[in-house]
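K.L.:
take this sequence and fold it.
(one chain, ligands or ions: 1)
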Amino acid sequence: MKNKSKLSQLLPGRRKFFVTLGWSLLGFAFTGMAWIIGRFLSYSQNDPGLEPVHFGPPEKYPVDTTVTRGKVALFRDQAGFWAVTTICPHLGCKPLFESEGRVFVCPCHGSRFDCEGRLLNGPAEKPMALAMLNLDPHGNLVVYPKKAVPPGHRFKP
Ligand code: FES
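P.N.:
As a prediction, this is how the structure comes out:
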């Protein structure tokens, strides 16, 4: 009898605990969703991860070279160098370069771009940006992913 009354005293406490736990979990879920939506809406080309990328001396890269590093891909043809900022303009995923077809394919929703970042098929509606290239004071190639250059641009060191 005594045990039963102790049990009934505990039940409201347990109920309150589970209600509090439920509300807490719901709060965490809403906070998580708000963070994801905020991150999605705040995507921009000014991503802090877009720092200059150093590639070393240009002589290291013969004609027809392709090198990917960080969020840029460096190419060289007879006319010079160019670099593509590998951020999908659809929702910001990182398209992967397929050397066989010389195309970038976005793993998120399948947008495809040619090796100069031009859009081949969506859902993206814009091309990927070409990034500015320059030489540092030591004569090494540096790609500046935050600085876009016009389509077709070539850098000749
Ligand atoms: S993020 Fe690249 S296709 Fe959607």
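
K.L.:
going forward, measure contacts between C-alpha atoms and count neighbours the same way
P.N.:
Fine.

K.L.:
so which bits of the protein are right by the ligand?
P.N.:
Within reach of the ligand by Cα under 6 Å from any ligand atom, the chain has these residues: 88, 90-93, 106, 108-111, 123-124.

K.L.:
scan this structure for its longest strand.
P.N.:
In terms of residue count, the longest strand belonging to the chain (DSSP state E) is strand 141-149.

K.L.:
about what we covered before: top of the residues of the chain next to the ligand by number of neighbours, please.
P.N.:
Cys88 (28 neighbours; other Cα atoms under 10 Å).

K.L.:
domain parsing for the chain?
P.N.:
As given by automatic domain parsing, the domain ranges for the chain are 1-42, 53-149.

K.L.:
which one of those domains has the lowest average pLDDT?
P.N.:
Least confident of the domains of the chain, judged by mean pLDDT, is domain 1-42 with a mean of 71.

K.L.:
how near is Arg102 to the ligand?
P.N.:
For Arg102, the distance to the ligand (Cα to the nearest ligand atom, to the nearest Å) stands at 17 Å.

K.L.:
tell me how many other residues crowd Pro127.
P.N.:
Applying the criterion other Cα under 10 Å, we find 23 residues in the vicinity of Pro127.

K.L.:
if you could redo that for Pro52, that was the one I meant.
P.N.:
Counted with other Cα under 10 Å, the neighbours of Pro52 add up to 18.

K.L.:
next one: stretch 62-74 to chain centre, how far?
P.N.:
Mean C-alpha position of stretch 62-74 versus that of the full chain (Cα atoms, centre = their mean, to the nearest Å) differs by 17 Å.

K.L.:
and it, how far apart are its ends?
P.N.:
Taking Cα to Cα, to the nearest Å, stretch 62-74 runs 12 Å from one end to the other.
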